[in-house]
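I'll drop the sequence and a predicted model, then ask my questions.
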Amino acid sequence: MQTGAAEIYEWLASVTDPEVPVLNILDLGIVREVKFEQETNTASINITPTYSGCPAMDVIAINIRMALLSHGIKHIEIKNQLSPAWTSDWMSEEGKRKLKEYGIAPPVRKAVDKLGLFESDIVGCPRCGAADTTLVSQFGPTSCKALYKCNACHEPFEHFKCH
């Protein structure tokens with residue numbers, strides 16, 4: 001059976017984000033390009049970090065390498081692609097649903113509207129669904145998340161930032 005880029009994408013679906021393990025790297029939208037050269041058994045994967053300097057990228061690269069090695073790919077090139085910068089718009093709808101079920105409020109808007117202006121954010125509580133929430137800290141346990149508190153159920157929660 002010949003391996004191709006489509007099959008490699010299927011294998012990449014098993015690689016999860018070490019900081020949010022319910023998301024795979026395809027849900028996150030960080031996989032930018034996959035190429036495979038049958039003659040040399042070489043896979044080339046371009047990935048974009050959610051934030052420049054994201055510490056999870058090293059672990060993600062190792063896990064990509066392990067996933068491909070387990071399927072017999074002998075030569076693996078993983079490149080960090082910084083431009084264009086990652087945007088939460090690249091996340092899949094399935095990924096946003098998984099975040100909410102996990103208790104993290106997903107991004108609530110596109111990064112920019114049609115005029116290139118930011119829309120206002122209303123971050124709903126992923127637990128009770130209330131829209132009455134308060135930003136506690138713009139900086140959460142990771143750079144890509146902020147901390148909120150629900151004023152209805154009084155539970156704290158993380159919000160995956162829009163950018």
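Sure thing, it's come through.

where along this protein do the strands fall?
If you assign secondary structure with DSSP state E, the strands in the chain sit at 31-37, 42-47, 75-80, 104-105, 133-137, 145-150, 156-160.

Any regions of this protein where pLDDT drops low?
Within the chain, the ranges that satisfy pLDDT under 70 run 1-2, 109-121.

List the residues that contact the spatially most central residue of the chain.
Nearest residue to the geometric centre of the chain (C-alpha atoms, centre = their mean): residue 28, 2.3 Å. With contacts taken as C-beta atoms under 8 Å, 6 or more residues apart in numbering, residue 28 has the following neighbours: 17, 50, 90, 91, 95. To be clear about C-beta, it is placed using only N, CA and C from the backbone, and glycine gets the same treatment.

ok, the closest residue to the third one other than its chain neighbours - how many residues close by?
Among residues not flanking residue 90 along the chain, residue 29 sits closest, at 2.9 Å (C-beta to C-beta, 6 or more residues apart in numbering). The burial count assigned to residue 29 is 18, neighbours taken as other C-beta atoms under 10 Å.

And residue 29, how far from residue 91?
According to C-beta to C-beta, to the nearest Å, residue 29 and residue 91 sit 5 Å apart.

Residue 67 too?
Taken as C-beta to C-beta, the span from residue 67 to residue 91 is 20 Å.

More neighbours: which of those two?
Neighbour comparison, residue 67 and residue 91: the larger count goes to residue 91, with 23 against 18 (by other C-beta under 10 Å).

was I right about that one contacting residue 107?
Yes. Here residue 91 lies in contact with residue 107, judged by C-beta atoms under 8 Å, at a distance of 6.5 Å.

Report the set of residues contacting both of those two.
Applying C-beta under 8 Å, 6+ apart, one finds that residue 91 and residue 107 are jointly contacted by residue 160.

Dihedrals phi and psi, residue 39?
Residue 39 has phi and psi values of phi -60, psi -40 when expressed as degrees, to the nearest 10.
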